[in-house]
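>>> Structure of the sequence below:
(chains A and B, ligands or ions: 2)
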Amino acid sequence: MADPVLRLDAVVKDYGTHILTRVLHGVDLSVQPGEFTALIGPSGSGKSTLLNMVGLLDRPTSGRVLIEALDTSTLDDDALTALRGRRLGFVFQFHHLLPEFTAQENVFLPMYSQSGWVSDEMQARAMMLLQRVGLEPQARNKATNLSGGQQQRVAIARSLVMKPPLVLADEPTGNLDTQSADQIFALLREVNEQEGTAFLIVTHDPRLAARCDRIVELVDGRIVSDRPNEARR
Amino acid sequence: MPFELFMALRFLREGRMQTLLILTGVAFGVGVMIFVHALISGLQDTLIKQTLGSQAHVVVRPQEDRARSLSRDPSVSIASRIEKSSQRTPSIDAWQPILEQIEQVPGVVAAAPTVAGSAFVTEGNVSKSVALRGVDPAQFVRVINVADKIRSGEFRVHGTEAVIGAELAKDLGLGVGDKLRMVTAAGRSDIFTIRGIFDLGNKDVNQRWVFVSLRTAQTMLDLVGSISTIEVRVKQVFDAEAISVEVASRTGLVADSWMKLNQQLLIGLSSQNSSSYMIQFFVMLAVTLGIASVLVVSVVQKSREIGILKATGTSTRRVMRVFLIQGGIVGLLGAVIGSGIGTVLSLIFSSLAKNPDGSPKFPVDLNAGLFATALAVATVTGLLAAVAPARRAARLDPATVIRNG
Ligand SMILES: Nc1ncnc2c1ncn2[C@@H]1O[C@H](COP(=O)(O)OP(=O)(O)OP(=O)(O)O)[C@@H](O)[C@H]1O
Ligand SMILES: [Mg+2]
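Ligands and ions are numbered 1, 2, ... in the order given. I've put the predicted structure just below:
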């Protein structure tokens, strides 16, 4: 079997300096290439915290995070940032586009910031991805002039620009109406099937979780269940 | 275009009001800087030119209280030489080779011998004390250009011809062609014909100086064969002091630069300079603080975007540079606009007050060096001002930003 794109080894996370709150109690988790996984659990159970560890935005108090078998605990902050930029995609709940830039620019910025220079190739790739998410006509619109659903599509296009093996999404449809949410979810699924990109998606919506291949449930910082989604088999 | 520049330009373009605000601040700061500098250096230029209008850059004269001829002329009795030299003004005897020696010192443009002493001019009942200056006009104009400052007549002093200052001419009611009687302390007197009237831009000089030929002055002052001073012109006026030291060591004579003779003026100029630098320093300090505070606000406003950039893999160093470059761009652009403002201010100011001959009373000195300095200073100022905001941006934690929407 190929290396998992993600492996967590006994990841513990404490918050606070004087009074320590343990948010994650030794989480073990592996994600295989191309897996489409839902991470569910009650509010405050530590889903976002876990996703931040995986996304290399924060370091675990103890335990290890391996991205494509590379142990990230040995890397310094700059190396983490670079690895994040090259091998991970993000889709956040609050769209998080840069308002000063057009849809197309938002999509190629992560590439631009890696190389330092912009190329025609980057622009073309951004256009291709926007076409993929059905936003080619809006490519030159400022991010602020797009609807919530459109912004989230741009964010998805952006998360794919570096061709990462794993995309992390924290409630990607949390801010959208049901219809837009369904469309976005369908888009993620389509990318997953066509490109073989693995997804780890935090969601509160049982309807959406039911459309994933695997469902991991977190309660009080512990994985209480991790099962394949029989309904999809 | 590099990523950092692209980001910086876009942030500046989209932050319209803030950008406009700091640009205006920088522009006025630089404008004031250029204006103050141009005004003061213009003023100083005029002062120095005025001073040097009637003064040689370096004046070489004999040692004062030594019997100079001891070594040169040992056959003459020591006692009689000393006695003699105490009775008359000290002078330079074998001056021709010395003159050539001085002309060889690097930086020296010209050197001219002069014979100087005091005399009285009598005109009817009026008797005035004057400074007799024996010169060879052809040589002397290369050191102090009297020929250019002649108001009427010409700079010609053959035989018993004399050239006098405008003030003296007015006091005595004399003009070109009139006669003038002069008596020296040595008791010699003669009648001179006024050949020209000069205006060297210095009232005292215009009142006291009377030019006659070298030979005439030597006779009148009992200095036959010798001269009083050698006056020297140098290429760079501020090199005069160094050159005077060199001249003194080569000739064994005393050499005084205009700087030494005008220490008060130089002290005045340098304190003027310090106050001008002080003003400029505080103006630029205010500009720096202005840029810094606006950029800090913009970092805070953009914390979300900075978080996104970092989350999507933009390195901390790049993020810092985006803000440093914004500071630099604002500094540079502000300086370009400010150069325009400073130039306009300076030109308006210098056109306000004019001399009778149409030249500005307050000439301003706008030169390329000044603008280049202003651009460099403002750009560096902008960069420095952006250091604190950039560090703040660097410290921003993307996880916090993303969590809070
Ligand atoms: N930076 C922090 N400092 C202190 N406590 C934190 C911090 N971040 C998260 N927590 C705490 O950790 C716990 C888990 O938070 P987390 O955001 O991971 O939950 P979640 O499962 O994503 O919840 P939700 O479904 O509401 O988004 C919460 O009790 C929260 O208060
Ligand atoms: Mg959460």
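>>> In terms of secondary structure, what does the helix ranked longest in chain A contact?
In chain A, taking DSSP state H as the definition, the longest helix is helix A:178-195. If contacts are counted by 3 or more C-beta pairs under 8 Å, 6 or more residues apart in numbering or on different chains; DSSP states H and E, helix A:178-195 sits against strand A:36-40, helix A:148-160, strand A:166-170, strand A:198-202. Heads up, the C-betas are built off the backbone N, CA and C, glycines and all.
>>> Dump the ones you listed to CSV, plus mean pLDDT, mean neighbour count and distance to A:L8.
CSV is the format used below for the helices and strands packed on helix A:178-195 (pLDDT from 0 to 100; neighbours: other C-beta atoms under 10 Å in any protein chain shown; distance: least, C-beta to C-beta, whole Å):
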stretch, mean pLDDT, mean neighbour count, distance to A:L8
strand A:36-40, 96, 23, 12
helix A:148-160, 92, 24, 20
strand A:166-170, 95, 25, 12
strand A:198-202, 96, 24, 11
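>>> Save those as a markdown table, and put in distance to A:G85 too.
Formatted as a markdown table, these follow (distance: least, C-beta to C-beta, whole Å):
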| stretch | distance to A:G85 |
| --- | --- |
| strand A:36-40 | 22 |
| helix A:148-160 | 11 |
| strand A:166-170 | 13 |
| strand A:198-202 | 17 |
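>>> what would these look like in JSON lines with distance to ligand 1?
Below are the helices and strands packed on helix A:178-195 laid out as JSON lines (distance: least, C-beta to the nearest ligand atom, whole Å):
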{"stretch": "strand A:36-40", "distance to ligand 1": "9"}
{"stretch": "helix A:148-160", "distance to ligand 1": "17"}
{"stretch": "strand A:166-170", "distance to ligand 1": "7"}
{"stretch": "strand A:198-202", "distance to ligand 1": "7"}
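>>> out of the ones you listed, nearest to B:S293?
The stretch from these with the least distance to B:S293 (C-beta to C-beta) is helix A:148-160; that distance is 32.0 Å.
>>> what comes into contact with that closest one?
A:89-92, A:95-97, A:103, A:106-107, A:109-110, A:126, A:129-130, A:132-135, A:138, A:143, A:146, A:167, A:169, A:172-173, A:175-177, A:180, A:183-184, A:187-188, A:191, A:195, A:197, B:312 (C-beta atoms under 8 Å, 6 or more residues apart in numbering or on different chains).
>>> Mark which of the residues you listed are buried, thanks.
For these, a neighbour count by 16 or more other C-beta atoms under 10 Å in any protein chain shown gives the buried set as A:89-92, A:95-97, A:103, A:106-107, A:109-110, A:126, A:129-130, A:132-133, A:135, A:138, A:143, A:146, A:167, A:169, A:172-173, A:175-176, A:180, A:183-184, A:187-188, A:191, A:197, B:312.
>>> Just those: which are in strands?
A:G89, A:F90, A:V91, A:V167, A:A169 (DSSP state E).
>>> so where's the chain shaky on pLDDT?
You didn't say which chain, so I picked chain A. Residues of chain A that meet the criterion pLDDT under 70 lie in A:1, A:95, A:232-233.
>>> nope, chain B
For chain B, the ranges with pLDDT under 70 are B:65-89, B:405.
>>> tell me the domain ranges of it?
Domain assignment for chain B, taken from automatic domain parsing, gives B:3-51+B:265-404, B:89-252.
>>> quick check, the longest one touching chain A?
Yes. For a cut-off given as C-beta under 8 Å from any C-beta of the partner chain, domain B:3-51+B:265-404 has contacts with chain A, namely B:3-4, B:6, B:10-11, B:13-14, B:304-305, B:307-318, B:398-399, B:402-403.
>>> which of those residues count as buried?
The neighbour-count criterion (16+ other C-beta under 10 Å) marks B:3-4, B:6, B:11, B:304-305, B:307-316, B:318, B:398-399, B:402-403 among the residues of domain B:3-51+B:265-404 next to chain A as buried.
>>> Those residues in helices, which ones?
Per DSSP H, those map to helices at B:3-4, B:6, B:11, B:304-305, B:307-311, B:316, B:318, B:398-399, B:402-403.
>>> if we can go back for a sec, which one of the helices and strands packed on helix A:178-195 lies closest to A:L57?
Closest among those, using C-beta to C-beta: strand A:166-170, at 9.6 Å.
>>> report the angle between the axes of that closest one and helix A:178-195?
170 degrees (axes from the mean of the first three to the mean of the last three C-alpha atoms, to 10 degrees).
>>> Quick one: name whatever helix or strand follows the host helix or strand of B:A240.
B:A240 belongs to helix B:240-251 when assigned by DSSP states H and E. Reading on from helix B:240-251 to the C-terminus, the next helix or strand found by DSSP H and E is strand B:254-257.
>>> how far is whatever helix or strand comes next after that next one from where the chain is centred?
Next along the chain after strand B:254-257, taking DSSP H and E as the criterion, comes helix B:258-261. Computed by C-alpha atoms, centre = their mean, to the nearest Å, the separation of helix B:258-261 from the middle of its chain amounts to 13 Å.
>>> Can you name the residue of chain A nearest to chain B?
In chain A, the residue that lies nearest chain B is A:G85 (1.6 Å; C-beta to the nearest C-beta).
>>> thought that residue was touching A:S115?
No. The pair A:G85 and A:S115 does not pass the contact test of C-beta atoms under 8 Å, sitting 10.3 Å apart.
>>> Tell me which of those two has more neighbours.
A:G85 (23 against 11; other C-beta atoms under 10 Å in any protein chain shown).
>>> element containing that one?
helix A:77-87.
>>> how long is stretch B:248-262 from one end to the other?
End-to-end distance of stretch B:248-262 (C-alpha to C-alpha, to the nearest Å): 18 Å.
>>> Spell out which residues of chain A are next to ligand 1.
Within reach of ligand 1 by C-beta under 6 Å from any ligand atom, chain A has these residues: A:Y15, A:G16, A:T21, A:V23, A:G41, A:S43, A:G44, A:S45, A:G46, A:K47, A:S48, A:T49.
>>> Around chain B, which positions in chain A sit nearby?
In this structure, chain A approaches chain B at residues A:48, A:52, A:55, A:57-58, A:77-78, A:81-82, A:84-86, A:90, A:92-94, A:96-101, A:109-110, A:112-118, A:158, A:162, A:170, judged by C-beta under 8 Å from any C-beta.
>>> Quickly note the distance from A:V216 to A:V27.
A:V216 sits at a distance of 9 Å from A:V27 (criterion: C-beta to C-beta, to the nearest Å).
>>> How about B:V212?
Distance from B:V212 to A:V27, by C-beta to C-beta: 109 Å.
>>> Name the residue in the two with the higher neighbour count.
Set B:V212 next to A:V27 and count neighbours by other C-beta under 10 Å: B:V212 wins out with 28 against 23.
>>> Surely that one touches B:P137?
No. Look at B:V212 against B:P137 with C-beta under 8 Å: they stay out of range, at 10.5 Å.
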